[in-house]
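Undergrad: What shape does this take:
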Amino acid sequence: MLIRTEIGVDAASIDSLLRRSFPTSAEAELVQQLREDGLLTLGIVATDDEGQVLGYAAFSPVTLNGEDKQWVGLAPLVVDESVRDQPLDKQLIYEGLDTLNEFGYAAVVVVGDPDYYGRYGFEPAARHQLRCRWQGGEAAFQVYKLADDAFSGVEGQIDFAAPFNRQ
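TA: I've put the predicted structure just below:
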């Protein structure tokens, strides 16, 4: 299995993975829209020996109180059912975090299971007076600090890129 940054030829395989892994086409359409709008900050893929995408993590820009603070959101994260016994999700997340750190991004946010993402170092966003627009998402809204000063003097509303509002 090869873990790497996505390239153009991966788009169709990523789309196929998203469509077969989720109950609706919403995630596939989201990634397609992010890509078309130039809002896909980073995509990490796990490919087999034939180049088939079996895992994917997408990162796109978010704003804090309407300002770009060099933060990104992680969504979607998916691993093909045939390889869920392998730690691909962990590899995708860590490769993404390492790459974003190298590029100078300050923080990553995610909406998801706190127990799951907590294993990878994410913590409740509310701890830093940060919130997102989704009601009832307080416990699921989490952050990961890449820069030492990422949470210094910040609080408020995190907004994901516009295509997320179409969900």
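Undergrad: Pull out the buried residues from the longest helix belonging to the chain.
TA: Identified as the longest helix of the chain according to DSSP state H is helix 88-102. Across helix 88-102, burial judged by 16 or more other CB atoms under 10 Å covers 88, 89, 91, 92, 93, 94, 95, 96, 97, 99, 100. All C-beta atoms are positioned from the backbone trio N, CA, C, and that covers glycine.
Undergrad: If we ignore the residues flanking it in sequence, what's nearest the second one?
TA: Of all residues beyond its chain neighbours, the one nearest residue 89 is residue 79 (5.2 Å), with distances taken as CB to CB, 6 or more residues apart in numbering.
Undergrad: Mind pulling up the pLDDT for the one you found?
TA: Looking at residue 79, its pLDDT is 97.
Undergrad: Tell me, how many residues neighbour it?
TA: 22 (other CB atoms under 10 Å).
Undergrad: Distance check, residue 83 against residue 64.
TA: Using CB to CB, to the nearest Å, residue 83 is found at 35 Å from residue 64.
Undergrad: contacting residues for the residue nearest to residue 89?
TA: By CB atoms under 8 Å, 6 or more residues apart in numbering, the contact set of residue 79 is 21, 46, 54, 55, 86, 88, 89, 92.
Undergrad: you'd agree residue 107 is up against residue 144?
TA: Yes: between residue 107 and residue 144 there is a contact under CB atoms under 8 Å: 6.4 Å.
Undergrad: who has more neighbours, the two?
TA: Set residue 107 next to residue 144 and count neighbours by other CB under 10 Å: residue 107 wins out with 24 against 21.
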